[in-house]
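> Sequence and predicted structure are below.
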Amino acid sequence: MSYRLDEQVGFLLRVLYQRNAELLTQALDGLTPTQWAVISMLAQVQECSQNLLGRMTAMDAATIKGVADRLAARGLVQFQDDPAHRRRVLVSLTPEGLALYDRLADAAAGVSDATLSRLSPAQAAKLVQLLKLAAG
């Protein structure tokens, strides 16, 4: 038998992702990983188009719109028209969104360590390096 599920990259990544997503959701007061991705990216870049935000967080146009709309409904992000481009919408954190980021960032940073706790620090660093290379 040449195919073993438990040796497949996609399967192993999914198992690791499920562990990470559970830890992240617990650490972030119920925010989803995609919601946290948007909040943390906006904390980093401050403001950008919704389209660019989707690309930077690896979400398609429909997904980023839905996530951003849900965060806006919670008062965590805001939209404004881009004065330089009529059809472009800019997204940024509200003061409440930034305060949430500031409150949760340290907990979120610890999630990667917890996810990779079965590895030595050197192994964890190497895995992250290899994942970045593979994700390209």
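Perfect, I can see it now. Residues are numbered from 1 along each chain as shown.

> and Val91, that's in a strand?
Yes. According to DSSP: H, G, I helix; E, B strand; the rest coil, Val91 belongs to a strand.

> Quick check: it touching Ala68?
Yes. The pair Val91 / Ala68 is scored as a contact, 5.7 Å apart, by C-beta atoms under 8 Å. Any C-beta I mention is one placed from the backbone N, CA and C, and that applies to glycine too.

> what residues do these two have in common as contacts?
In terms of C-beta atoms under 8 Å, 6 or more residues apart in numbering, Val91 and Ala68 are both contacted by the residues 38, 50, 53, 77, 79.

> Quickly find the element holding the third one.
Under the assignment given by DSSP states H and E, the secondary-structure element containing Leu53 is helix 50-56.

> Now do the top helix by length along the chain: everything it contacts.
The residue-count maximum for a helix in the chain (DSSP state H) belongs to helix 95-115. Applying C-beta under 8 Å, 6+ apart, the external contacts of helix 95-115 come out as 16, 19-20, 23-24, 27-29, 31, 36, 39-40, 42-43, 71, 75-77, 93, 124, 128.
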